[in-house]
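# Dropping the sequence and predicted coords here.
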Amino acid sequence: MNTKRILQVQNISKTYGKGSSSTTALSGISFDVLEGEFLGIMGASGSGKTTLLNCIATMLKPTSGKILLDGEDISAFKGKALANYRGNKIGYLYQSFELLDNLTARENIILPLSLHGVKNADAEQALLPLAGHLDITEVLDKFPGQMSGGQKQRVAAARAFISAPSIVLADEPTGALDSKNAKTLLDKLSSLNRQEQKTIVMVTHDANAASFCSRVLFIQDGTIFHELRKSTKNEPPTMFYERIMAVIAQLGGGSANVL
Ligand SMILES: Nc1ncnc2c1ncn2[C@@H]1O[C@H](COP(=O)(O)OP(=O)(O)OP(=O)(O)O)[C@@H](O)[C@H]1O
Ligand SMILES: [Mg+2]
């Protein structure tokens, strides 16, 4: 079992604004992500999940605490090192796809590589196996307006993985998908994780989505209040789902109250 700590979140707090109108979104959250993990983060709306991912992505600066990737303090990155971190070390998958409408799927996916000066032939070599894996080979020359929601999100996933980042951050990636397309995406993410050892951190409200993860953190009021992990690598999502639902039930009320 791989025990390399790829990401270390150490006592992160984040307060937006100042004085009486301030909001504390994170209050002293700490956890590690091991290389090859598929980590789920569940929590109610407003519990700080997006804030946490944005701090890891360096889109937001924590008020206090430290985040290390591969042992390096990400707040120390400046200039080229920061651009390299954002462009190559981290992949980001959004709920709303965020594809550029006037670029084809292929162009959208390789954009992060093009921006870093990778030649088209090399980009194509990285693209083709990923497109096959995500079942989007047929739509590579289509524009987003010509694709289904499920296809758009799998194209966005390919863009998140194309530069072989150390970690992919996904914020409610199934939130805009119907249940069939959600399951397809989760199956693909899960197999990229298991077969290619991709490290993924996924925020979700959905116990079903979380059941594809290898470990789930539950956050409330900006701090972790529970953690569940798959008993074995091969525990099926259906069994893990039951355990996730049991935690939610124990915490009082249905998922609507807690998450
Ligand atoms: N730019 C901002 N300025 C002020 N407050 C903010 C800002 N962004 C988020 N907040 C507040 O911080 C808290 C955490 O927000 P965050 O977006 O991280 O929650 P979330 O867990 O992602 O919620 P959701 O599930 O609805 O996406 C909320 O109370 C929110 O109102
Ligand atoms: Mg959010």
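In hand now; what should we look at? Residues are numbered from 1 along each chain as shown. Ligands and ions are numbered 1, 2, ... in the order given.
# Go ahead and confirm Thr50 touches Ile219.
No: here Thr50 lies out of contact with Ile219, judged by CB atoms under 8 Å, at a distance of 11.4 Å. Every C-beta, even on glycine, is put in place using the N, C-alpha and C of the backbone.
# In contact with Gln151, which residues?
By CB atoms under 8 Å, 6 or more residues apart in numbering, the contact list for Gln151 reads Ala105, Ile136, Val139.
# In three-state terms, label the residue of the stretch 101-250 of the chain found nearest ligand 1 for me.
Residue of the stretch 101-250 of the chain nearest ligand 1, by CB to the nearest ligand atom: His205 (6.2 Å). Counting by DSSP: H, G, I helix; E, B strand; the rest coil, the backbone at His205 sits in coil.
# What about it, how many residues nearby?
A count of nearby residues for His205, using other CB atoms under 10 Å, gives 17.
# for Met239, same thing?
For Met239, the count of nearby residues is 14 (other CB under 10 Å).
# I would like the C-alpha coordinates for the helix or strand where it lies, written out in CSV, please.
Per DSSP states H and E, Met239 falls inside helix 237-250. Below are the C-alpha coordinates for helix 237-250, written out as CSV (Å, rounded to 0.1, in the frame of the first residue of the first chain):
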residue,chain,number,x,y,z
PRO,A,237,-19.8,1.1,-3.6
THR,A,238,-23.2,-0.4,-2.6
MET,A,239,-21.8,-1.5,0.7
PHE,A,240,-19.8,1.7,1.3
TYR,A,241,-23.0,3.6,0.5
GLU,A,242,-24.9,1.9,3.3
ARG,A,243,-22.1,2.8,5.8
ILE,A,244,-22.1,6.5,4.6
MET,A,245,-25.9,6.6,5.0
ALA,A,246,-25.6,5.1,8.5
VAL,A,247,-23.2,7.9,9.5
ILE,A,248,-25.6,10.5,8.1
ALA,A,249,-28.5,8.8,9.9
GLN,A,250,-26.5,8.7,13.2
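# on contacts alone, who are the packing partners of that helix?
For helix 237-250, the elements it packs on are helix 207-210, strand 223-229, helix 255-258, judged by 3 or more CB pairs under 8 Å, 6 or more residues apart in numbering; DSSP states H and E.
# For it, buried residues please.
Within helix 237-250, the residues scored as buried using 16 or more other CB atoms under 10 Å are Pro237, Phe240, Tyr241, Arg243, Ile244, Met245, Val247, Ile248.
# quick one: which of these is nearest Ala156?
Closest to Ala156 out of those is Pro237 (22.2 Å), distances taken as CB to CB.
# Tell me the pLDDT of Leu115.
Leu115 carries a pLDDT value of 85.
# how many other residues sit next to the residue nearest to it when sequence neighbours are not counted?
Of all residues not flanking Leu115 in the chain, Gly87 sits nearest, at 6.6 Å (CB to CB, 6 or more residues apart in numbering). Number of residues near Gly87 (other CB under 10 Å) recorded here: 15.
# Let me know whether Gly87 touches Leu111 as I believe.
No: in this structure, Gly87 is not within contact of Leu111 by CB under 8 Å, at 10.1 Å.
# Kindly confirm my reading that the residue nearest to Leu115 is in a helix.
Yes: remark: Gly87 belongs to a helix, assigned using three-state DSSP.
# For the helix or strand harbouring Gly65, C-alpha coordinates in PDB please.
Using DSSP H and E, Gly65 maps to strand 64-69. C-alpha atoms of strand 64-69 as PDB (Å, rounded to 0.1, in the frame of the first residue of the first chain):
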ATOM      1  CA  SER A  64      -3.800  30.800   8.800                       C
ATOM      2  CA  GLY A  65      -2.400  27.300   8.500                       C
ATOM      3  CA  LYS A  66      -0.300  25.600   5.900                       C
ATOM      4  CA  ILE A  67      -0.800  23.400   2.800                       C
ATOM      5  CA  LEU A  68       2.000  21.200   1.500                       C
ATOM      6  CA  LEU A  69       2.100  19.400  -1.800                       C
END
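# buried set for that strand?
Buried, per 16+ other CB under 10 Å, within strand 64-69: Gly65, Ile67, Leu68, Leu69.
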